[in-house]
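# need a structure here:
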Amino acid sequence: MDFNLHSPERHLIDLKIEHADLNALVDLTAHAVPIDELMLRRLKKRRLLLRDLISQLELALDPPEPA
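Residues are numbered from 1 along each chain as shown. Below you'll find the predicted structure:
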């Protein structure tokens, strides 16, 4: 896979990597003692935003087939 560094496909890969990193960070933060509720909320909000961006980009790159 030879993607241009500024291609939509490369951007999608970068977003998925960041989302996976946030998943791991959310898990670590959730099990930390004491739990930093504010940090956890911020991480989850960012993770949700990334998930939405990933979905939008996937739809733009591979639109659904007409019925």
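# tell me which strands and helices the lengthiest helix in the chain is in contact with?
Of all the segments of type helix in the chain, defined by DSSP state H, the longest one is helix 37-61. For helix 37-61, the elements it packs on are helix 8-30, judged by 3 or more C-beta pairs under 8 Å, 6 or more residues apart in numbering; DSSP states H and E. Every residue, glycine included, has its C-beta placed from N, CA and C.
# Go through the helix it packs on and flag the buried ones.
Judged by neighbour count using 16 or more other C-beta atoms under 10 Å, the buried positions of helix 8-30 are 11, 12, 15, 19, 22, 26, 29.
# and those residues as JSON lines, adding distance to residue 63?
Compiled in JSON lines, the buried residues of helix 8-30 are given as follows (distance: C-beta to C-beta, whole Å):
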{"residue": "11", "distance to residue 63": "17"}
{"residue": "12", "distance to residue 63": "14"}
{"residue": "15", "distance to residue 63": "18"}
{"residue": "19", "distance to residue 63": "22"}
{"residue": "22", "distance to residue 63": "27"}
{"residue": "26", "distance to residue 63": "31"}
{"residue": "29", "distance to residue 63": "36"}
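# Excluding chain neighbours, what is closest to the residue nearest in space to the middle of the chain?
Centroid-nearest residue in the chain, with C-alpha atoms, centre = their mean: residue 19, separated by 3.0 Å. Spatial nearest neighbour of residue 19, chain neighbours left out: residue 50 (4.5 Å); criterion: C-beta to C-beta, 6 or more residues apart in numbering.
# how much space is there between that neighbour and residue 20?
Using C-beta to C-beta, to the nearest Å, residue 50 is found at 10 Å from residue 20.
# which residues sit in contact with residue 41?
Residues touching residue 41, when contacts are defined by C-beta atoms under 8 Å, 6 or more residues apart in numbering, are absent altogether.
# My error: substitute residue 39 in the last question.
Residue 39 neighbours (C-beta under 8 Å, 6+ apart): residue 29.
# wait, the residue nearest to the centre of the chain sits on residue 47?
Yes. Between residue 19 and residue 47 there is a contact at 6.3 Å, judged by C-beta atoms under 8 Å.
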